[in-house]
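In: quick one: sequence plus predicted model below, questions after.
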Amino acid sequence: MANLKQIRKHIASVQNTGKITKAMKMVAVSKLRKSQTAVVATRPYVNALVNTIEHIILKSDETQHPLLRRPESMKKVALIVVSGDKGLCGAYNHNIVKSARKFVEERRGELETIKLYFVGRKAYEATRHIEGIDRTLVADGWERPVSEVALELAKSLCESFEQGEIDEVFILYTVFKSAIQQSVVLDAVLPMQSILTNVDADGNACLGTEEQKTIEETPFIYEPSQTEILDALLPRAVMVHIQRSLLEGCASENGARMTAMDNASKNAVEMINRLTLQFNRARQSAITTELIEVVSGAEAL
């Protein structure tokens with residue numbers, strides 16, 4: 001059995017660790033509230049933007065926008081991987097890395113090139129041993145505003161897609177459902193049919209009969225032209241889709257960290273209770289041993 005001094009030092013060490021995990025939990029709670037508010041506020045804007053684009057496509061005669069066309073060959077793929085810069089958030093980063101590895105392994109044989117763009121160092125460092133892929137880490141991904149990072153990625157990927165350097169773009173992130181539940185999701189970003197749920201592979205709107213009739217009967221006045229509006233809205237829709245995914249990932253990371261630190265704090269309390277019981281037993285044993293020695297010495301006299 002460990003001596004009293006060792007047990008006392010162990011208890012003090014666990015108490016200090018418990019203070020750290022409790023503080024980290026409070027920080028994660030504060031960040032989670034902000035990121036959750038941002039996610040909820042973004043969703044109505046995304047829905048309204050998508051609906052607006054779909055209505056314009058239905059009323060427009062020119063639907064063959066470069067971002068709407070589906071390439072003939074789907075051999076060059078880009079994947080945006082959203083992870084964290086730090087650990088201590090449970091299985092959050094591990095699940096993202098596992099899904100990214102699965103994506104690469106499943107599609108490696110059918111693709112010519114695979115480009116991975118990482119927002120967050122953890123997934124970037126964990127996938128450094130994967131061969132045959134082009135890896136790019138977005139500089140200061142979580143230190144800059146999310147809108148700035150999303151705009152940078154959207155601009156670069158849209159240009160590459162229009163020039164034929166990339167045939168498909170996906171984003172791998174974690175959807176925030178609650179502080180204890182997050183799920184990894186793989187979403188398609190380009191071509192735009194993946195975002196516009198009511199547009200088919202040819203870039204034509206495929207709404208329901210009643211909704212299509214309502215839109216056709218509603219007079220629209222476009223200023224500037226429909227083509228110019230689509231030129232402005234389609235890249236923005238890509239940017240907003242990436243931005244929403246980043247916000248979901250941020251909220252999921254904070255939720256996972258809050259849960260992990262809460263569990264760590266509870267485990268610290270349980271360990272302190274066990275160590276305290278062990279300490280009391282060791283002290284009682286030491287006192288009993290001393291009493292037996294005293295009694296034995298007295299009897300010997």
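Out: That came in fine, so what should we check first? Predicted model only: the values in this text are computed from it and were never measured. Numbering: from 1, shown residues only.

In: going by C-alpha atoms from here, please, whenever you check contacts or count neighbours.
Out: Fine.

In: dead centre of this structure: give me the residue that sits there.
Out: Gly249 (2.6 Å; C-alpha atoms, centre = their mean).

In: quick one: low-confidence ranges for the stretch 101-250 of the chain?
Out: 194-220 (pLDDT under 70).

In: show me where it has strands.
Out: In the stretch 101-250 of the chain, strands defined by DSSP state E, counting those that start in this stretch lie at 113-119, 134-137, 168-178, 181-190, listed in chain order.

In: dump these into JSON lines; add mean neighbour count as well.
Out: As requested, these are exported to JSON lines (neighbours: other C-alpha atoms under 10 Å):
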{"stretch": "strand 113-119", "mean neighbour count": "21"}
{"stretch": "strand 134-137", "mean neighbour count": "15"}
{"stretch": "strand 168-178", "mean neighbour count": "22"}
{"stretch": "strand 181-190", "mean neighbour count": "18"}
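
In: to Glu293, which of those strands lies closest?
Out: Of all the strands of the stretch 101-250 of the chain, strand 181-190 sits nearest to Glu293, with 58.8 Å by C-alpha to C-alpha.

In: the closest one: how far from the chain's middle?
Out: 9 Å (C-alpha atoms, centre = their mean, to the nearest Å).

In: wait, Cys31 touches Asn254, no?
Out: Slight slip there: residue 31 is Lys, not Cys. Yes - counting by C-alpha atoms under 8 Å, Asn254 is a contact partner of Lys31 at 6.5 Å.

In: these two: which has the busier surroundings?
Out: Neighbours per residue (other C-alpha atoms under 10 Å) separate Lys31 from Asn254, with Asn254 holding more: 27 against 18.

In: I'd like the distance between that one and Val40.
Out: Counting by C-alpha to C-alpha, to the nearest Å, the separation of Asn254 from Val40 is 15 Å.

In: same check, this time on Thr113
Out: In terms of C-alpha to C-alpha, Thr113 sits 36 Å off from Val40.

In: swap in Leu4?
Out: 53 Å.

In: and the two? which has more neighbours close in?
Out: Leu4 (16 against 13).

In: and Glu299, how far is that from Leu291?
Out: From Glu299 to Leu291 the distance is 12 Å (C-alpha to C-alpha).

In: higher neighbour count, the two?
Out: Shown here are Glu299 and Leu291; by other C-alpha under 10 Å, Leu291 has more neighbours (12 against 8).

In: so where does that one fall, helix or strand?
Out: helix 226-300 (DSSP states H and E).

In: report the inter-axis angle for that helix versus strand 113-119.
Out: With axes from the mean of the first three to the mean of the last three C-alpha atoms, to 10 degrees defining the directions, helix 226-300 sits at 60 degrees from strand 113-119.

In: show me what helix 226-300 is packed against.
Out: helix 4-59, helix 92-107, helix 146-162, strand 168-178, strand 181-190 (3 or more C-alpha pairs under 8 Å, 6 or more residues apart in numbering; DSSP states H and E).
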